[in-house]
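Peer 1: Got a sequence here, can you build the structure:
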Amino acid sequence: MKITAFLGSPRKNGNTELLLKEAIRGIEDEGQSVEVFNLNSMKFLPCQNCGGCDETGKCVINDEMQAIYEAIKTSDRIILASPVFFSGLSAQAKAMIDRCQCIWCEKYLLKRPVPEGPFKRKALLLLVGGQKEPSGIKCAEVSAVAFFRTINVSSHVTLSYTGIDRKGEILERKDALKEAYEAGKKLVEV
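Peer 2: Predicted coordinates for the structure are as follows:
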């Protein structure tokens with residue numbers, strides 16, 4: 001089983017990354033490994049809305065997104081982990097999602113969706129935000145769900161935590177760490 005995680009947080013060892021590490025620990029305890037893409041350290045342009053992918057389903061920009069496209073198309077499980085900024089996914093996560101317009105074209109215009117594979121593609125969405133109201137989480141989740149639908153993920157689980165802002169504050173939420181660990185274990189069930 002191939003499992004890929006996309007870390008959308010710019011803060012090294014921040015709350016989102018710590019939560020992701022717990023989910024990964026759960027996956028590894030089930031004997032699986034995870035390829036992690038730290039989006040903040042990657043070099044890729046945002047979508048240019050150039051239409052270059054409309055007829056081919058291939059992005060015309062040749063940058064580090066090529067590795068992401070390959071991972072998305074060949075993964076059985078996807079994890080998207082992002083802080084919530086101004087009621088949305090981080091710029092890093094959103095830029096990656098926007099660059100998947102070529103996959104959208106492949107699925108909806110060219111009728112060549114990403115294959116579900118032998119394990120039925122599933123995803124885990126991890127969201128952490130300082131805002132106490134759940135509205136920001138809901139807005140961020142809408143973008144993530146559109147991404148999951150485009151890459152042909154049949155089901156996903158969302159874990160979201162609000163009121164978590166200070167670096168490392170998630171470590172005080174033992175319930176959140178346990179839930180992330182258990183969600184990682186459950187993600188790799190077939």
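Peer 1: How are the helices of the chain distributed by residue range?
Peer 2: 15-29, 65-74, 91-98, 101-104, 135-150, 174-187 (DSSP state H).
Peer 1: Make a markdown table from these and add mean neighbour count and mean pLDDT to it.
Peer 2: Backbone N, C-alpha and C define where each C-beta goes, glycine included. Formatted as a markdown table, the helices of the chain follow (neighbours: other CB atoms under 10 Å; pLDDT from 0 to 100):
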| stretch | mean neighbour count | mean pLDDT |
| --- | --- | --- |
| helix 15-29 | 22 | 98 |
| helix 65-74 | 16 | 97 |
| helix 91-98 | 21 | 98 |
| helix 101-104 | 20 | 97 |
| helix 135-150 | 18 | 95 |
| helix 174-187 | 18 | 98 |
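Peer 1: what would the ones you listed look like in CSV with distance to F37?
Peer 2: Output for the helices of the chain, formatted as CSV (distance: least, CB to CB, whole Å):
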stretch, distance to F37
helix 15-29, 11
helix 65-74, 6
helix 91-98, 8
helix 101-104, 15
helix 135-150, 14
helix 174-187, 17
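Peer 1: what residues are up against the residue positioned nearest the centre of the chain?
Peer 2: The residue lying closest to the centre of the chain (CA atoms, centre = their mean) is L80, at 1.8 Å. L80 makes contact with A5, F6, G8, A93, A123, L124, L125, L126, A144, F147, F148, according to CB atoms under 8 Å, 6 or more residues apart in numbering.
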